[in-house]
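A.B. asks: Sequence first, then the predicted structure, then my questions.
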Amino acid sequence: MKTRKKLWLIFGPVIIAAIAVWLVLLLPFSHQRISQDSLKHGAVSLSTNVYHGQLFKKQAFSENYVPFLGSSELLRMDPLHPSVLAAKYHRSYQPFLLGNAGSQSLNHFFTLQGVHPQLQGKKIVYIISPQWFTKRGQEPDAFSFYYSPLQAIQWLLSVNDSTATRYAAKRLLEMPSGKASSTIAAALNKVAKGERLNQSDRFLLNLRLRILLNEDALFSRFSLADHWKTIEKGERLLPSHDSDTLLTKTAIQLAKKHTNNNTFGIDNHFYSERLRGSRINGLRNSQKHYDYRQSPEYSDLELLLTEFKQLNANVLFVIPPINQKWATYTGLPLPMLQETATKIKYQLRSQGFNHIADLTNDTHANYMMQDTIHLGWLGWLKVDEKVNPFLTQTQAQPRYQLNSYFFTPQWQKSLTLQKSDGTNGK
Amino acid sequence: MINLQPYSNPAYFGILLIALLPVIIGLYFGRRLKIYESIFTLAFLILTFGGDHWHQGAALILYTCYQVLLTMGFTHYRWNKNQTTIFVSAVILSILPLIIVKFTPLFPNYNGFNIGFLGISYLTFKTVQVIMELRDGTIKEISWSQYLHFLLFFPTISSGPIDRYRRFIKDYENVPDRSAYLDDVSKAVFYLIQGFLYKYILGYIFGTLLLPNVARAAMSQSSAFGGTGISWYLLGYMYVYSMYLFFDFAGYSLFAVSISYFMGIKTPMNFNKPFLAHNIKEFWNRWHMTLSFWFRDFIFMRFTFWVMKHRWVKNRVRMSQLAYLVNFLIMGFWHGLTWYYIVYGLFHAAAIIINDYWLRYKKNHADKIPHNKFTEGLAIFVTFNIVCFSFLIFSGFLNQLWF
């Protein structure tokens, strides 16, 4: 009797704790709702827990939030930022910002998993940076930062075999994050070969999925970066009427005030923190050899396009300009940039993605950029000129015809817009 | 093939505890399942040193054969003779593989077979200790199977704590009675959970969440303070790194001790609230204890006796100072052949020598120096900061910051 009591005193607390943990992880908690206020904060937080999870996205996309996929420019929250404009003028939509420095098409493909029913037939804004299209394409470290096993599992449990599916599985296996979990890696290996997952694969993935969903439901609302204050501050600086002339005036005024310590039209703070002094000298002519025309990123983009097609989504693509004064200083070849934009546009148009706002022609204009490559003031306003009508007016139902040629290394490396069959694209 | 790194993820603990269940039940009923333990040790060694890490596995096998032959050979020799040159050669031969491993990074172009493996230092501590005790005559006989169990005891194989042969064998050959074993198991459970708290919660907060941020902030100030890079962020890095180092290593040590206790082996503890030490001497009795006691017994004491025997230094104070210097310098070299490990060793030698001066002064002027709660607090505060500063040197961060 005495030893039994002793055993209970040793193991009792551990057993109770273990049961409690497993209950918390395995009981379904998914019916949680988020208050409108936290949704507002979540939409502009750019936090990875929002990006990795589905709690926020699910609820946001069943309301009037529109996904704005992009990268570091989303953080440039000056008063002309889409989120500020939409909030100030009570537009019929609110941007839900997804992405931050380093997130590219491959991450965005996965972040849209798990919210398919909510996004079906919806509109999406996608800001494509030419800077993603480097020789290596997606950096594995940045990918890991935005990668969420939850989304990988949701995708694995819903896939049908196709070129795109096999491509996605192979791409994920090339990243360290794809190999981090042996369950996921085993499933990816099967899917990459076109094999089906068996019952035990699915059971293990579902078990892990349940745990991850509960973690998301329990923890994703914590430690959000609070950018809502910046949005409110921006609102106070905007004219009370949603008028193009007034907004242009405000944008120029603000841009002038914030870029007066340098001749590049770069935000004062950015310039003094990141460039001033010896640092800037090292950057002269440093981008001479940059080339965005050949990159695996083109096929990652294609993967995301298949996702858009599956969602039957109407997508506006924004290709931002760059700061020409800065480009001249760093020696970035502008014709190369134009060719990159042309290649991207060709890939989009030839498959039926016709809503494109290519701002690369506005590269020479003043006050377009907040710093070297990130949209700001007038640039955001230019984006708004396209985004606002696109989102507030009814658009024709798109018809996409996808071409798996865009998954091939030939297309990634192609410098002409020639298709595999020899026909000439424009 | 699967490869499991010791104590690295929940799966490892799951597999380990399930595999240990027969051992635990056996001990509960007063039996040690030696054959099962041997098979299970082998299986875990294969999981740790197999698969992608097979090079390490091969190195471990070679190393173990070498050390067993050396030790058995020396044991046989010692039955009849006791020449110092043979003893010194045996010690040198025993350390040789470790010395080669420590020198390998100095030859970055060397692409041949690397004889290193995870835990080679800790095995070397064990082999040297046995040879020294054979010389002393405190160990007379060694059976190769007991020696292998001692050497390859897998809970401690990768990073200690460093156990002693006679202590280990006593536990291994005895089965505790039920009530004593339940006390062990109770401690084992407690240490395991404490280890989780240390390594996976506190170590994670300091090492994964905070450390990269303070490191980045400190690096951005590399031109601060006249180019020395001394900034508030560097101070932040110093404390965060110290906390990370402690919780990560103490957490790991708790796992090793916990698993040992489940197996009825009372592996000694490695840490005893080190940041509450009143002075550097006390700190080394609380921090990485099995290492510092090993150095005390097999470097500091041996060196002291050796010098005394030859009457090279007559002054006792000078001699202990010299012994500290040798002791910590060797410890520095053991950590690795970089300037910051060696400076770390020298720094601690200097700190403990100064500390000795102070303790002697305090003893001679006991009537004039106040002693109360406040002075104790001050002593703990000063010791803590000196230790944290030494860890800043140890971290190698200054190397990144300056060069």
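C.D. replies: Good, I have the coordinates. Residues are numbered from 1 along each chain as shown, chains lettered A, B, ... in the order given.

A.B. asks: Any idea which residue of chain A lies closest to chain B?
C.D. replies: In chain A, no residue comes nearer to chain B than A:I10, which is 4.7 Å away by C-beta to the nearest C-beta. Yep, even glycine has a C-beta here, placed from its N, CA and C like the rest.

A.B. asks: So for that residue, what's the nearest residue that isn't a sequence neighbour?
C.D. replies: Excluding its sequence neighbours, the residue lying closest to A:I10 (C-beta to C-beta, 6 or more residues apart in numbering or on different chains) is B:S186, at 4.7 Å.

A.B. asks: Please identify which helix or strand holds that neighbour.
C.D. replies: Using DSSP states H and E, B:S186 maps to helix B:178-195.

A.B. asks: ok, now which ones touch the residue nearest to A:I10?
C.D. replies: The neighbourhood of B:S186, defined by C-beta atoms under 8 Å, 6 or more residues apart in numbering or on different chains, consists of A:6, A:9-10.

A.B. asks: Of the residues you listed, keep whichever come out buried.
C.D. replies: Among those, those classed as buried by 16 or more other C-beta atoms under 10 Å in any protein chain shown are A:6, A:10.

A.B. asks: related to what we said a few turns ago, shouldn't the residue of chain A closest to chain B be in contact with B:K187?
C.D. replies: No: using C-beta atoms under 8 Å, A:I10 is not in contact with B:K187; the gap is 9.4 Å.

A.B. asks: So which residues of the stretch 51-200 of chain A form helices?
C.D. replies: Assigned by DSSP state H, counting those that start in this stretch, the helices in the stretch 51-200 of chain A fall at A:55-61, A:82-88, A:105-111, A:116-119, A:140-146, A:149-158, A:163-174, A:176-179, A:182-192, A:199-219.

A.B. asks: what's the most buried one of those helices?
C.D. replies: Among the helices of the stretch 51-200 of chain A, ranked by average contacts under mean count of other C-beta atoms under 10 Å in any protein chain shown, first place goes to helix A:105-111 (a mean of 25).

A.B. asks: Looks like A:Q412 contacts A:Y292 (just checking).
C.D. replies: No: between A:Q412 and A:Y292 there is no contact under C-beta under 8 Å: 11.7 Å.

A.B. asks: What is the very next helix or strand once past the helix holding B:S186 packed up against?
C.D. replies: The helix or strand immediately downstream of helix B:178-195 is helix B:203-204, counting by DSSP H and E. Helix B:203-204 makes packing contacts with helix B:232-262 when contacts are defined by 3 or more C-beta pairs under 8 Å, 6 or more residues apart in numbering or on different chains; DSSP states H and E.

A.B. asks: Measure how far the helix it packs on is from the centre of its chain, please.
C.D. replies: Distance of helix B:232-262 from its chain centroid, counting by C-alpha atoms, centre = their mean, to the nearest Å, is 13 Å.

A.B. asks: now the angle from it to helix B:178-195?
C.D. replies: Relative orientation of helix B:232-262 versus helix B:178-195 (axes from the mean of the first three to the mean of the last three C-alpha atoms, to 10 degrees): 160 degrees.

A.B. asks: Can you give me the buried ones in helix B:232-262?
C.D. replies: Those would be B:233-262, for helix B:232-262 by 16+ other C-beta under 10 Å.

A.B. asks: tell me the mean pLDDT for it?
C.D. replies: Helix B:232-262 carries an average pLDDT of 96.

A.B. asks: For the helix holding B:S186, C-alpha coordinates in CSV please.
C.D. replies: Output of helix B:178-195 as CSV, limited to C-alpha atoms (Å, rounded to 0.1, in the frame of the first residue of the first chain):
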residue,chain,number,x,y,z
ARG,B,178,12.7,-0.8,-3.5
SER,B,179,12.2,2.2,-1.3
ALA,B,180,15.6,3.7,-2.2
TYR,B,181,15.0,3.1,-5.9
LEU,B,182,11.6,4.8,-5.6
ASP,B,183,13.4,7.8,-4.1
ASP,B,184,15.8,7.7,-7.1
VAL,B,185,12.8,7.5,-9.6
SER,B,186,11.1,10.4,-7.8
LYS,B,187,14.3,12.5,-8.2
ALA,B,188,14.6,11.3,-11.8
VAL,B,189,11.1,12.6,-12.7
PHE,B,190,11.7,15.9,-10.9
TYR,B,191,15.1,16.4,-12.7
LEU,B,192,13.5,15.5,-16.1
ILE,B,193,10.8,18.1,-15.7
GLN,B,194,13.2,20.7,-14.3
GLY,B,195,15.4,19.9,-17.4
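
A.B. asks: Same question for it: list its buried residues.
C.D. replies: In terms of neighbour count (16+ other C-beta under 10 Å), helix B:178-195 has its buried residues at B:181-182, B:184-192, B:194-195.

A.B. asks: Enumerate every residue touching B:V68.
C.D. replies: Counted by C-beta under 8 Å, 6+ apart, B:V68 has contacts B:144, B:147-148, B:151.

A.B. asks: try 10 Å this time
C.D. replies: By C-beta atoms under 10 Å, 6 or more residues apart in numbering or on different chains, the contact list for B:V68 reads B:127, B:142, B:144, B:147-148, B:151.

A.B. asks: Point out where the chain drops to low pLDDT.
C.D. replies: I went with chain A, as the question did not name one. Residue ranges of chain A with pLDDT under 70: A:1, A:30-31, A:418-426.

A.B. asks: Can you look at chain B instead?
C.D. replies: Residues of chain B that meet the cut-off, pLDDT under 70, sit at B:1-2, B:109-113.

A.B. asks: From chain A, how far off is the residue most central in space within it?
C.D. replies: Nearest to the mean C-alpha position of chain B, counting by C-alpha atoms, centre = their mean, stands B:L291 at 4.3 Å. Distance from B:L291 to chain A, counting by C-beta to the nearest C-beta, to the nearest Å: 30 Å.

A.B. asks: Now the phi/psi pair for B:M319, please.
C.D. replies: phi -70, psi -40 (degrees, to the nearest 10).

A.B. asks: what's the neighbour count on it?
C.D. replies: The burial count assigned to B:M319 is 16, neighbours taken as other C-beta atoms under 10 Å in any protein chain shown.

A.B. asks: tell me the contacts of it?
C.D. replies: B:303-304, B:307-308, B:312-313.

A.B. asks: Around chain A, which positions in the stretch 51-200 of chain B sit nearby?
C.D. replies: Taking C-beta under 10 Å from any C-beta of the partner chain as the criterion, the stretch 51-200 of chain B approaches chain A at residues B:178-179, B:182-183, B:185-190, B:192-193.

A.B. asks: Could you dump those residues into JSON lines and include distance to B:H55?
C.D. replies: Formatted as JSON lines, these follow (distance: C-beta to C-beta, whole Å):
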{"residue": "B:R178", "distance to B:H55": "44"}
{"residue": "B:S179", "distance to B:H55": "46"}
{"residue": "B:L182", "distance to B:H55": "42"}
{"residue": "B:D183", "distance to B:H55": "42"}
{"residue": "B:V185", "distance to B:H55": "37"}
{"residue": "B:S186", "distance to B:H55": "40"}
{"residue": "B:K187", "distance to B:H55": "37"}
{"residue": "B:A188", "distance to B:H55": "33"}
{"residue": "B:V189", "distance to B:H55": "36"}
{"residue": "B:F190", "distance to B:H55": "37"}
{"residue": "B:L192", "distance to B:H55": "31"}
{"residue": "B:I193", "distance to B:H55": "35"}
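
A.B. asks: which one of these is nearest B:T338?
C.D. replies: Proximity of these to B:T338 was ranked by C-beta to C-beta; the top entry is B:L192 with 34.2 Å.

A.B. asks: Apart from its neighbours in sequence, what residue is nearest the closest one?
C.D. replies: Distances taken as C-beta to C-beta, 6+ apart place B:S258 nearest to B:L192, at 4.1 Å, with adjacent residues excluded.

A.B. asks: I'd guessed that neighbour sits against B:P161; true?
C.D. replies: No: here B:S258 lies out of contact with B:P161, judged by C-beta atoms under 10 Å, at a distance of 11.5 Å.
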